[in-house]
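J.: Sequence first, then the predicted structure:
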Amino acid sequence: MAEEVATSGAITVRDVQADKFIAAFADSLKNNDKFVVPKWVDLVKTGVNRELAPYDPDWYYIRAAAIARKVYLKQGTGVGALQRQFGGAYRRGAAPNIHRDSSAGLIRSILISLDEIKITELHEKGGRRISRVGQQALDLVAGQVARG
């Protein structure tokens, strides 16, 4: 597959594996001084379907990278759609499991942070889209991931 990607020319986020891209872009966000992590990050859960906060100290960067990738792949994605995508099964004991959405405030704060560093911007019809600067940054990271 690496040979196919190398001969196709420009490499985009669609051309690389999601887990490798998210890890690389999260590392890029971590090294970016403009991307500020809120003070409350170590106290919050990611949704009502979780018992505890994430154990990984870099989880906020990973979630931000995943959100940036989702917005890149589907322009116009808003907080509500991202809530559903990042939500999961809510275990209710003997009652059947049901779906619960992820935390809206967390997703909104990540989108605002990505807006501040010009990765995303507001879409005319609602939601967010990747800005020109953001697309260049994400494609640059995708190219680095594809080359190894």
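T.: It's in.
J.: Could you use CA atoms for every contact and neighbour count after this?
T.: Will do.
J.: need the contact list for S131.
T.: Counting by Cα atoms under 8 Å, 6 or more residues apart in numbering, S131 makes contact with 118-121.
J.: quick check, nearest of those to V13?
T.: Distance to V13 across those (Cα to Cα) is lowest for I119, with 13.9 Å.
J.: Pull the number of nearby residues for the closest one.
T.: 22 (other Cα atoms under 10 Å).
J.: in what helix or strand does the nearest residue to it once chain neighbours are set aside lie?
T.: Distance criterion Cα to Cα, 6 or more residues apart in numbering; nearest residue to I119, sequence neighbours excluded, is G134 at 3.8 Å. G134 is part of helix 132-147, with elements assigned from DSSP states H and E.
J.: Against which helices or strands is that helix packed?
T.: helix 2-7, helix 18-31 (3 or more Cα pairs under 8 Å, 6 or more residues apart in numbering; DSSP states H and E).
J.: Quick one: residues in contact with the last one.
T.: Helix 18-31 is contacted by residues 13, 35, 61-62, 64-66, 69, 138, 141-142, 145 when judged by Cα under 8 Å, 6+ apart.
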